[in-house]
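Trainee: structure of the sequence below:
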Amino acid sequence: GAKWVMNDVMQAVKCVQNPVRGLFLRHYLLQAFRDKLPDTPEPMATAAAAPDAEAAADSKPAARVQETAESAMGNVKDSYEFILANFVEMNKLWVRIRHLPGDGKSREIRRRRERERNELKILVGTNLIRLSQLECVTSKIY
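Mentor: Take a look at the predicted model:
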């Protein structure tokens, strides 16, 4: 399901060595998954919803099948964990840009690199925007 795909893609993009390329790849990944991230609420306990013990015992096998299908599809928890993990990795890449090898002794090159770095912080901030767009994130989760 969606949960497996998100984990697999996050592992795949960790292989990018260049921080600028990694930032753009992670930003593209976030844009590509924009409408595909699961935004369903987290499942509640099924035993608490059943009125009595007999009804709870009868509904357990069906609830397990439904719970397994829902967990494979993912929920809002999987989405915000995916976005936060992407945010953390993009922050690390953004910091690494400052320490790229090259002729950093020249003032003009340092200024240009710092200007480019400041422009790239917008890419990092898109994670926060996407996190705020998840409808099932409650105030308790925030």
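
Trainee: ok, which stretches of this structure are helices?
Mentor: 2-13, 19-32, 46-49, 53-73, 76-97, 107-133 (DSSP state H).

Trainee: mean confidence score for the shortest one?
Mentor: Read that as helix 46-49. Taken as a whole, helix 46-49 has a mean pLDDT of 37.

Trainee: kindly report the same for the last one.
Mentor: For helix 107-133, the mean pLDDT works out to 90.

Trainee: can you get me a residue count around residue 84?
Mentor: 13 (other C-beta atoms under 10 Å). Just so you know, the C-beta spots here come from the backbone N, C-alpha and C atoms, and that holds for glycine as well.

Trainee: residue contacts, it?
Mentor: Contacts for residue 84 (C-beta atoms under 8 Å, 6 or more residues apart in numbering) come out as 127, 131.

Trainee: what distance do you get for it to residue 100?
Mentor: Computed as C-beta to C-beta, to the nearest Å, the residue 84 to residue 100 distance reads 26 Å.

Trainee: of the helices of the chain, which is nearest residue 40?
Mentor: helix 76-97 (6.4 Å; C-beta to C-beta).

Trainee: list the buried residues of the closest one.
Mentor: Neighbour counts using 16 or more other C-beta atoms under 10 Å place 76-80, 82-83, 86-87, 89-90, 93-94, 97 of helix 76-97 among the buried residues.

Trainee: low pLDDT regions in this protein?
Mentor: 44-72, 103-104 (pLDDT under 70).

Trainee: hmm, 90 instead?
Mentor: In the predicted model of the chain, residues 1-7, 17, 34-75, 97-114, 135-142 satisfy pLDDT under 90.

Trainee: thinking again about what came up before, as JSON lines, the buried residues of helix 76-97 with distance to residue 133 would be great.
Mentor: Compiled in JSON lines, the buried residues of helix 76-97 are given as follows (distance: C-beta to C-beta, whole Å):
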{"residue": "76", "distance to residue 133": "11"}
{"residue": "77", "distance to residue 133": "16"}
{"residue": "78", "distance to residue 133": "15"}
{"residue": "79", "distance to residue 133": "10"}
{"residue": "80", "distance to residue 133": "11"}
{"residue": "82", "distance to residue 133": "13"}
{"residue": "83", "distance to residue 133": "10"}
{"residue": "86", "distance to residue 133": "14"}
{"residue": "87", "distance to residue 133": "14"}
{"residue": "89", "distance to residue 133": "20"}
{"residue": "90", "distance to residue 133": "17"}
{"residue": "93", "distance to residue 133": "22"}
{"residue": "94", "distance to residue 133": "21"}
{"residue": "97", "distance to residue 133": "26"}
